[in-house]
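Student: For reference, the sequence and a predicted model appear below.
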Amino acid sequence: MFKRLFASKNFKKKLGDLIKVATGGTLVFAGINIYYQNEKFYNSWVMPLLLSLDAETAHTLAVKAAQYRLVPEAKLRESHLLRSKLLNLNFRTPIGLAAGFDKHGEAVEGLWKMGFGFVEVGSVTPEAQPGNPQPRVFRLTSDSAVINSPNTPGLRNLQSQEHLEKLIEAVISARDSLPATHRPPLFLKIAPDLTDADMQDIATVVLQKKVDGLIVTNTTVTRPSSLTSPEQREVGGLSGQPLKDLSTRMVKEMYCLTKGQVPIIGVGGVACGSDAYEKIRAGASLVQLYTGLVYHGPMLVARITEELELLLRQDGFNSVAEAVGADAHTQ
């Protein structure tokens with residue numbers, strides 16, 4: 001009897017219609033929750049689904065979602081307190097996306113829609129690179145961290161004073177020879193694994209060569225003793241929560257070494273408003289995040305922005321600029 005039932009055309013049609021209705025209803029339900037930025041829905045359904053996939057597949061899907069604007073639009077109110085001007089560039093908020101997420105510059109409009117005040121695309125290279133063999137991206141879930149395998153051997157050696165001077169001179173010369181009248185600002189991104197002498201050398205070069213700004217910091221090759229995830233043994237640069245305090249200390253150190261004369265973008269372990277605020281008070285004029293999106297999703301951007309504004313107001317600051325270096329000044 002059951003075999004005849006399942007074999008009947010009428011049953012198959014009804015079953016197919018039922019599947020279509022269920023699928024359509026699920027998509028509509030998901031779309032409504034995404035449109036209205038239901039953070040509970042994201043935390044309960046979307047993020048667990050993405051985190052169930054391997055890290056690189058999840059990242060590819062996230063970029064595609066942003067590329068086709070299938071991300072919630074941040075409903076941020078305009079705030080004079082969060083607006084910043086740096087190197088003749090205007091920022092609606094100081095919260096930006098770090099390099100590496102949108103490597104090919106495919107999803108800028110969608111990322112802007114998520115509420116970022118600025119978006120750094122890249123890495124962009126003159127010629128295509130194959131990258132490292134997969135797997136090359138690893139989540140350290142219990143540590144809220146990520147490891148990416150480096151694909152530029154010896155890159156960190158370029159931060160020695162001798163190499164850095166030559167590199168910066170060459171880049172500035174190439175930039176200044178461009179036919180366009182606009183000269184894009186030059187920011188130097190430094191690693192967190194530097195000695196005190198290294199940092200002093202970098203500060204000297206940056207001031208002498210009039211580099212426009214610093215990005216502090218890149219990922220770390222160290223492995224803090226606090227790590228618990230077995231993936232900590234993978235080769236590559238560590239980002240996320242374990243990097244937060246180290247990068248914030250380096251922001252403060254470089255702010256002091258450059259006497260507050262060089263704008264700093266603070267990066268590393270930013271996952272809430274207070275994380276961003278700490279970096280600003282340490283000396284960062286702008287803040288970037290990346291790994292936080294892996295674990296908290298696109299609505300993290302609006303939440304950090306709102307929390308940051310509240311913290312600034314609570315401490316009596318009238319702008320982000322007033323708070324920059326507040327902790328460094330008190331030393």
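Tutor: Cool, got the structure. Computed from a predicted structure; not experimentally measured.
Student: Against Leu89, how distant is Asp275?
Tutor: Asp275 sits 23 Å away from Leu89, going by C-beta to C-beta, to the nearest Å. Heads up, the C-betas are built off the backbone N, CA and C, glycines and all.
Student: Please apply the same query to Tyr255.
Tutor: 20 Å.
Student: ok, those two, which is more surrounded?
Tutor: Tyr255 (27 against 11; other C-beta atoms under 10 Å).
Student: who's in contact with the more buried one?
Tutor: 264, 282-284, 325, 328 (C-beta atoms under 8 Å, 6 or more residues apart in numbering).
Student: Kindly report the same for Gly269.
Tutor: By C-beta under 8 Å, 6+ apart, the neighbours of Gly269 are 239-245, 247-248, 275, 291-292.
Student: Sketch out the low-pLDDT regions of the chain for me.
Tutor: Scanning the chain for pLDDT under 70 picks out 1-39, 124, 151-157, 330-331.
Student: Now the residue nearest in space to the middle of it. Nearest residue, chain neighbours left out?
Tutor: The centre of the chain sits closest to Tyr290, judged by C-alpha atoms, centre = their mean, with a distance of 2.3 Å. The shortest distance from Tyr290 to any non-neighbouring residue, by C-beta to C-beta, 6 or more residues apart in numbering, is to Ala98 (4.1 Å).
Student: again with Ala145
Tutor: Using C-beta to C-beta, 6+ apart, the closest residue to Ala145 is Gly240 (3.4 Å).
Student: Tell me how far the one you found lies from Ala107.
Tutor: 21 Å.
Student: what's around the closest residue to Ala323 other than its chain neighbours, how many residues?
Tutor: Using C-beta to C-beta, 6+ apart and skipping the chain neighbours, the partner closest in space to Ala323 is Phe317 (4.6 Å). Using other C-beta under 10 Å, Phe317 has 18 neighbouring residues.
Student: Please determine how far Phe317 is located from Gly213.
Tutor: For Phe317, the distance to Gly213 - C-beta to C-beta - is 21 Å.
Student: try Lys166
Tutor: For Lys166, the distance to Gly213 - C-beta to C-beta - is 20 Å.
Student: Which one's more surrounded, the two?
Tutor: Neighbour count, other C-beta under 10 Å: between Lys166 and Gly213, Gly213 has more, with 20 against 11.
Student: Report the beta-bridge partner residues of the more buried one.
Tutor: When assigned by DSSP bridges, Gly213 has beta-bridge partners Phe187.
Student: Pull the contacting residues for it.
Tutor: 86-87, 185-188, 262-265.
Student: I'd like to know which of those is nearest to Asn148.
Tutor: Ile265 (19.0 Å; C-beta to C-beta).
Student: Can you name the next helix or strand after the helix or strand harbouring the closest one?
Tutor: Applying DSSP states H and E as the criterion places Ile265 in strand 264-267. Per DSSP H and E, the first helix or strand lying C-terminal to strand 264-267 is helix 273-282.
Student: and Ala65, what is it in contact with?
Tutor: 71, 110.
Student: count of residues packed around Tyr277?
Tutor: Neighbour tally, Tyr277, other C-beta under 10 Å: 26.
Student: pretty sure it is touching Leu312, no?
Tutor: Yes - Tyr277 is within contact range of Leu312, at 7.4 Å (criterion: C-beta atoms under 8 Å).
Student: Find me whatever residue is spatially closest to Ala74, sequence neighbours aside.
Tutor: Closest to Ala74 by C-beta to C-beta, 6+ apart is Gly115, at 3.0 Å.
Student: Do you have the helices of the chain handy? List them.
Tutor: With helices called from DSSP state H, the chain shows them at 2-7, 9-35, 39-41, 47-52, 55-67, 108-113, 161-176, 196-208, 244-257, 273-282, 291-296, 300-314, 320-323, 326-329.
Student: Which one, of the ones you listed, ends up nearest to Glu73?
Tutor: Per C-beta to C-beta, nearest to Glu73 of the helices of the chain: helix 108-113, 4.9 Å.
Student: hey, what's Leu86 bridged with?
Tutor: Leu89.
Student: How much space separates Val146 from Arg183?
Tutor: Val146 is 34 Å from Arg183, by C-beta to C-beta.
Student: and those two? which has more neighbours close in?
Tutor: When Val146 and Arg183 are compared for neighbours, Val146 comes out ahead with 25 against 11, by other C-beta under 10 Å.
Student: what's the burial count for the residue nearest to Ala145?
Tutor: 24.
Student: Next up, the contacts around it.
Tutor: 140, 143-146, 269, 271, 291-292, 294-295.
Student: please redo it, this time with the cut-off set to 10 Å
Tutor: 139-140, 143-147, 219, 268-271, 289-292, 294-295 (C-beta atoms under 10 Å, 6 or more residues apart in numbering).
Student: do the same with Leu89
Tutor: By C-beta under 10 Å, 6+ apart, the neighbours of Leu89 are 118, 184-185, 286.
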